[in-house]
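Asks: here is a sequence together with a model predicted from it:
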Amino acid sequence: MTEHHSRSPDEHRKIFEQYSNYVYAVVWRILNQAGTPEDVEECVSDIFAEIFSKLDSVYEGSMKAYIGTVARRMALNRFRKLTSGKIKTVSLEDISVSEMESDVNITEDYEKAEQAGALLNLILSLGEPDASIIIQKYYYNRNSVEIAKIVSLNPVAVRMRLNRALKRLRKLLEENPSTYEEGYL
């Protein structure tokens, strides 16, 4: 068993300097449509606080994968908080006729967002590294070689885990048919 030591503030600073741009990019990609720059900064700070609190149990080889996973999860959680229950009230006098004639279907968009959130929750329920593999494959469009580097597995293991995870996800979707539209998987 490997003995872990508490990391010094200098080690924390080095880790922050090495990964802060990466974490910021992950958070910005998820929150840029829902939050303010202050929300992004706050989320990045919260992510590093979380990372530093559990850093002693992370091995060097898996540092980037660990940090990426924490960043994605916390940013997605923040996104859900920022977007849940946000219904903007607008006076009818403030809306022009051309805005009311829009072909945007708010109900359909809302239902799709709800389905996407439910699907993401099911994916996250698969646990690690399966959730990260599916997210990397279908959200970031990465191949098994790229994913293997992120999750510290070999490409063959990534493909096997992906296939098994997709089977488990299909089973979860069959058990929760209201979660998805036909054709998701």
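Replies: That came through fine. Note that the coordinates shown come from a computational prediction; the quantities given were computed from them, not determined experimentally.

Asks: can we go C-alpha only for contacts and neighbour counts from here?
Replies: Noted.

Asks: please parse the protein into its domains.
Replies: With domains defined by automatic domain parsing, the chain comprises 1-83, 111-185.

Asks: check the offset of the shortest one from the chain's centre.
Replies: The reference is to domain 111-185. Here domain 111-185 is found 12 Å from its chain centre; the criterion is Cα atoms, centre = their mean, to the nearest Å.

Asks: per-residue confidence averaged over that domain?
Replies: Regarding domain 111-185, the rounded mean pLDDT is 80.

Asks: tell me how many other residues surround residue 148.
Replies: Residue neighbour count, defined by other Cα atoms under 10 Å, stands at 19 for residue 148.

Asks: go on, residue 18?
Replies: By other Cα under 10 Å, the residues close to residue 18 number 12.

Asks: now swap in the one 10 residues further on and tell me
Replies: Other residues near residue 28 number 21, with proximity taken as other Cα under 10 Å.

Asks: which residues touch it?
Replies: Residue 28 makes contacts with residue 40, as judged by Cα atoms under 8 Å, 6 or more residues apart in numbering.

Asks: in which helix or strand does it reside?
Replies: For residue 28, the enclosing helix or strand under DSSP states H and E is helix 9-31.

Asks: quick one: pLDDT of residue 65?
Replies: Per-residue pLDDT puts residue 65 at 79.

Asks: let's verify the closest residue to residue 154 other than its chain neighbours: helix, strand, or coil?
Replies: Closest residue in space to residue 154, ignoring its immediate chain neighbours: residue 148 at 5.2 Å, by Cα to Cα, 6 or more residues apart in numbering. Following DSSP: H, G, I helix; E, B strand; the rest coil, we place residue 148 in the helix state.

Asks: spatially central residue for this structure, please.
Replies: Closest to where the C-alpha atoms of the chain average out (Cα atoms, centre = their mean) is residue 72, at 3.6 Å.
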